[in-house]
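Engineer: Starting from these lines, generate the structure:
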Amino acid sequence: MAGVTLNEVKKRFGAFEVIHGASLEVNDGEFIVFVGPSGCGKSTLLRMIAGLEDISGGEIGIGGKVVNDVEPADRGTAMVFQSYALYPHMNVRQNLSFGLRMNGNPREDTERRVRHAAEILRITELLDRRPRQLSGGQRQRVAIGRAIVREPEVFLFDEPLSNLDAELRVQMRVEIAKLHAELGTTMIYVTHDQTEAMTLADRIVVLRDGRIEQIGRPLDLYDDPANRFVAGFLGSPKMNFLEAEVVASGSTGATLALLNHQGAKLTIPVANAVSGGERVVVGIRPEHFREAGKGDCNLQLDVDVVEHLGSTSYVYANTNSPEQLIVQREEQQGRLDTLNVSIPSARVYLFDQAGKRLQ
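Structural biologist: Numbers count the residues shown, from 1 in each chain. Now for the predicted structure:
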C-alpha cells in the first residue's frame, strides 16, 4: 500500500490551464473521493496520477517517490474506467488474467490472483462466461477484478458506476465500500454524484473549475461548508439560498430582511461580519425548516409540487422569484397549496454575494 501526494500540480492544454496548482495528501489506506460538476477537472487529475496524462507543473508522489516521469505500468496503480472495456471474445477468467499473461507473470501466480479476485467479488461461478452473458453489475465486478489481480498499491476509479441503473448503483456502492474494508488499499474515486461521495469517502475533495474548493470528511463538509458552492453541491436535495439585506448590525448579531418574502426578518449572531445595507445570501437545508412558530422567522410558501418518498415528502415552493425553496417534511397526505414554515436562526448559513462563507 502507499499514500499519494500532489504538490502544486498543474495541467495545461496549450495556453489554457485546466488544473490550477492542486495540492493534496492522500494517506496510506485512505478512501478519497474527487467530486464536482462535469468539466471541473476531477478525471483529468485522476488520469495524471495514473500517468495517462502528462502534468504541466508540480509533483506527484506515490509511496514517497516522485512519479512524474514514471510509466503508468510502473506506478503501482490500477485504474477502473467508466466503460468496462472487457474483451468480448474472452471469458471472464481470460479477461482477468490478460494483463498478467502479457507481462509474463508466472502461470501459477496468475491463477492464484484470479481465484482470489473472483472470491472477493463473488464471481467464481462466472469465470467461464463471456461478457455478453453478464449483467451490467457483473461486468463492473469483472472490471474491478482486473484491477485487483494486479495487486496495486493504489486503486483509481473513474466514475465506475455511471453506466448502471439506480438499484445497481446502490448495490455496487456497498460492494466497493466492502472491498476497501477488506483490502485496506488506498483508493481514489472520481464521481459527479455527491451521494456516492458522501457514502463512500473517508475524505472528499470538492473541485470546481480545476481548483480544490475544500477537503474534509463528508459530514464535516456537509455541516461546515467553506463557501456557497460547496454548501450547494453537497446535499440532496440541495441547500436553499435566499436573497437578503442587512437592516441592522451590531456586536451581538445582525437582522436580515428576506427580500422575496415580504421583508420577513431574521436575526442571526454574526458579530460585526456584515454592515447595514449589505446584500447577503441566507442558506438553509430542506430538513432544517421547522413548523410555523417553532423557529425565528415565519414564512408562508405557495406550493408547486410535492414529492412523496414514503416516510418523507419534499415540498417545492414558488416564491415569485428565481428562488425555489425545497422543504423536507414528514409524509404529507392530500393536496397542499400553501405551507407555513419557520427558519431557526441556529441552522442558518450566511454568504456574501461572491459566495464567501460569513456564518
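Engineer: Can you pull out the low-pLDDT segments for the stretch 1-150 of the chain?
Structural biologist: 1 (pLDDT under 70).
Engineer: all strands for it, in order.
Structural biologist: 4-13, 16-26, 31-35, 57-62, 65-66, 77-80 (DSSP state E, counting those that start in this stretch).
Engineer: Quick check: end-to-end length of stretch 269-283?
Structural biologist: 14 Å (CA to CA, to the nearest Å).
Engineer: tell me which residues in that stretch are buried?
Structural biologist: Neighbour counts over stretch 269-283 (16 or more other CB atoms under 10 Å) mark 270, 273-274, 278, 280-283 as buried. (Glycine included, C-beta is placed from N, CA and C.)
Engineer: go on, stretch 298-307?
Structural biologist: Buried, per 16+ other CB under 10 Å, within stretch 298-307: 298-299, 301, 303, 306.
Engineer: Each with direction, which strands does the longest strand along the chain pair with?
Structural biologist: What stands out as the longest strand in the chain, according to DSSP state E, is strand 297-309. If you go by DSSP bridges, strand 297-309 pairs up with strand 312-318 (antiparallel), strand 338-343 (antiparallel).
Engineer: All the helices of the stretch 201-350 of the chain, in order from the start?
Structural biologist: Listed in chain order, the helices of the stretch 201-350 of the chain (DSSP state H, counting those that start in this stretch) span 218-223, 228-233.
Engineer: Let me see the domain layout of this protein.
Structural biologist: Structural domains assigned to the chain are 4-233, 240-352, following automatic domain parsing.
Engineer: Which of the strands of the stretch 1-150 of the chain sits closest to Ile204?
Structural biologist: Nearest to Ile204, of all those, is strand 31-35, at 5.2 Å by CB to CB.
Engineer: re earlier: what's the closest of the buried residues of stretch 298-307 to Arg228?
Structural biologist: Closest to Arg228, out of all of the buried residues of stretch 298-307 and judged by CB to CB, is Leu299, at 20.5 Å.
Engineer: ok, now which ones touch the closest one?
Structural biologist: Neighbouring residues of Leu299 by CB atoms under 8 Å, 6 or more residues apart in numbering: 258, 261, 264, 340-343.
Engineer: Look up the closest residue to Ser236, ignoring the ones flanking it.
Structural biologist: Thr195 (5.9 Å; CB to CB, 6 or more residues apart in numbering).
Engineer: Check Gln82 too.
Structural biologist: Glu159 (4.5 Å).
Engineer: Next one: the one you found from Leu45, what distance?
Structural biologist: Computed as CB to CB, to the nearest Å, the Glu159 to Leu45 distance reads 13 Å.
Engineer: More neighbours: those two, which one.
Structural biologist: Counted by other CB atoms under 10 Å, Glu159 and Leu45 do not tie: Leu45 has more neighbours, with 28 against 20.
Engineer: My guess is that one contacts Ile32. True?
Structural biologist: No. Applying CB atoms under 8 Å as the test, Leu45 and Ile32 come out as separate, 11.0 Å apart.
Engineer: Let me have the buried residues of stretch 298-307 in JSON lines, extended by pLDDT and distance to Glu287.
Structural biologist: As requested, the buried residues of stretch 298-307 are arranged in JSON lines below (pLDDT from 0 to 100; distance: CB to CB, whole Å):
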{"residue": "Asn298", "pLDDT": "91", "distance to Glu287": "18"}
{"residue": "Leu299", "pLDDT": "90", "distance to Glu287": "16"}
{"residue": "Leu301", "pLDDT": "88", "distance to Glu287": "16"}
{"residue": "Val303", "pLDDT": "89", "distance to Glu287": "17"}
{"residue": "Val306", "pLDDT": "87", "distance to Glu287": "16"}
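Engineer: No further queries at this time; thank you.
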